[in-house]
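Asker: 3D model of this:
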Amino acid sequence: MILYKHEMKMNRNALLIWTISIGLICFGCILLYTSLEESIQEIAESFSDMGAMSAALGMDKMSLTTLKGYYATEIALMHSLGGAMFAAILGMGILSKEESGHTTDFLCVLPIGRGQIVFWKYLTLISDILLLNLVCVGLYAFGFVMVGESVSGGDMARYHLAAVLMQMEVGTICFFFSACVKKSLMGAGLGLTLLLFAADMMCRVVPAIEDVKYLTPFYYANAADIFAEGKMNGAMATVGLCVTAACYAMAHWVYCRKDFA
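Answerer: Numbering: from 1, shown residues only. Got it, this is the predicted structure:
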């Protein structure tokens, strides 16, 4: 528990910055909807003529002329990508920073095993992801009140549950990499996130690579799909949970047997 509290304290500045950045940007975009309301029909028609790009962004399923469609295709996109980038950066450095910072010797002589170190650090990762999402959802709800409109609570709950699972999967994959390397590779974490995001967009418009959807967690966390169908893709989410569990197990196995520099 002491290690958990220490890690939460160490990560609080990053959590605060990312939460404020993502939350306020999306909150501002919600408030912007009222000023766009008169011209949004023209904007929606312009986006509908973008062909494959419209399908990649979910605009073939949702209309920008409603707050629900605007949220699903614009706001949720920024929330998902921003949250995943935060999870990747945090996950990629949370274990490797000890070795690169030459603090492993001190950490490993404490009266806790390596398995406990992995557990408490991973719990920190999950806690920070949950805190970021809780604060952001609160800001979005306040934004809906400010503009005097609402979005279905059920759709919001399903999407944000999927977003949390997606961010946990991305963060846990990076957590596994963090257990394997000797220094923090935050750039690699960001690159992986953008690659998974691009893979989701590509598999939606190129039939030949449709099976790539099983490799990217962004597919089951797509707000346009969830809002349009009224449900989350349970099979894909289950695959994501299995990947998350497998990556944590591998991180635990590697870290407990690692020969530290």
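
Asker: which residues sit against stretch 79-92?
Answerer: Outside stretch 79-92, the residues that touch it by CB atoms under 8 Å, 6 or more residues apart in numbering are 11, 14-15, 18, 21-22, 25-26, 125, 128-129, 132-133, 136, 163, 166-168, 170-175, 177-178, 184-186, 188-190, 192-193, 196-197, 217-218, 221, 223. C-beta coordinates here come from the backbone N, C-alpha and C atoms, glycine included.

Asker: among the residues you listed, which are in helices?
Answerer: 14-15, 18, 21-22, 25-26, 125, 128-129, 132-133, 136, 163, 166-168, 170-175, 177-178, 186, 188-190, 192-193, 196-197, 223 (DSSP state H).

Asker: PyMOL command to pick out the buried ones of those residues?
Answerer: Buried members of the ones in helices among the contacts of stretch 79-92, defined by 16 or more other CB atoms under 10 Å, are picked up in PyMOL with:
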select buried, resi 15+18+22+26+125+128+129+132+133+136+163+166+167+168+170+171+172+173+174+175+177+178+186+189+190+192+193+196+197+223
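
Asker: Check the nearest residue to residue 78 once chain neighbours are set aside and give its pLDDT.
Answerer: Sequence neighbours aside, residue 26 is the residue nearest to residue 78 in space, at 5.6 Å (criterion: CB to CB, 6 or more residues apart in numbering). Turning to residue 26, the model gives it a pLDDT of 93.

Asker: mind listing what residue 26 touches?
Answerer: So residue 26 contacts 75, 78-79, 136, 139-140, 143 (CB under 8 Å, 6+ apart).

Asker: That one and residue 156: what is the separation?
Answerer: Computed as CB to CB, to the nearest Å, the residue 26 to residue 156 distance reads 13 Å.

Asker: Now do the shared contacts for the two.
Answerer: Residues within reach of residue 26 and of residue 156 at once, by CB under 8 Å, 6+ apart, are residue 140.

Asker: low pLDDT regions in the stretch 51-200 of the chain?
Answerer: Applying pLDDT under 70 to the stretch 51-200 of the chain flags residues 51-63, 100-110.

Asker: Helices along this structure, start to end?
Answerer: Under the criterion DSSP H, helices of the chain are mapped to 2-10, 12-36, 40-48, 52-56, 67-70, 76-93, 96-100, 104-108, 114-147, 153-180, 186-205, 223-229, 234-257.

Asker: and the ones you listed as a markdown table, adding distance to residue 212?
Answerer: Formatted as a markdown table, the helices of the chain follow (distance: least, CB to CB, whole Å):
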| stretch | distance to residue 212 |
| --- | --- |
| helix 2-10 | 34 |
| helix 12-36 | 26 |
| helix 40-48 | 24 |
| helix 52-56 | 13 |
| helix 67-70 | 26 |
| helix 76-93 | 17 |
| helix 96-100 | 28 |
| helix 104-108 | 37 |
| helix 114-147 | 24 |
| helix 153-180 | 15 |
| helix 186-205 | 4 |
| helix 223-229 | 15 |
| helix 234-257 | 12 |
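
Asker: so which of the ones you listed gets nearest residue 211?
Answerer: helix 186-205 (7.6 Å; CB to CB).

Asker: Pretty sure residue 72 sits against residue 227.
Answerer: Yes. Contact criterion CB atoms under 8 Å: residue 72 and residue 227 qualify, at 4.3 Å.

Asker: Give the residue from the two that has the larger number of neighbours.
Answerer: residue 72 (28 against 24; other CB atoms under 10 Å).
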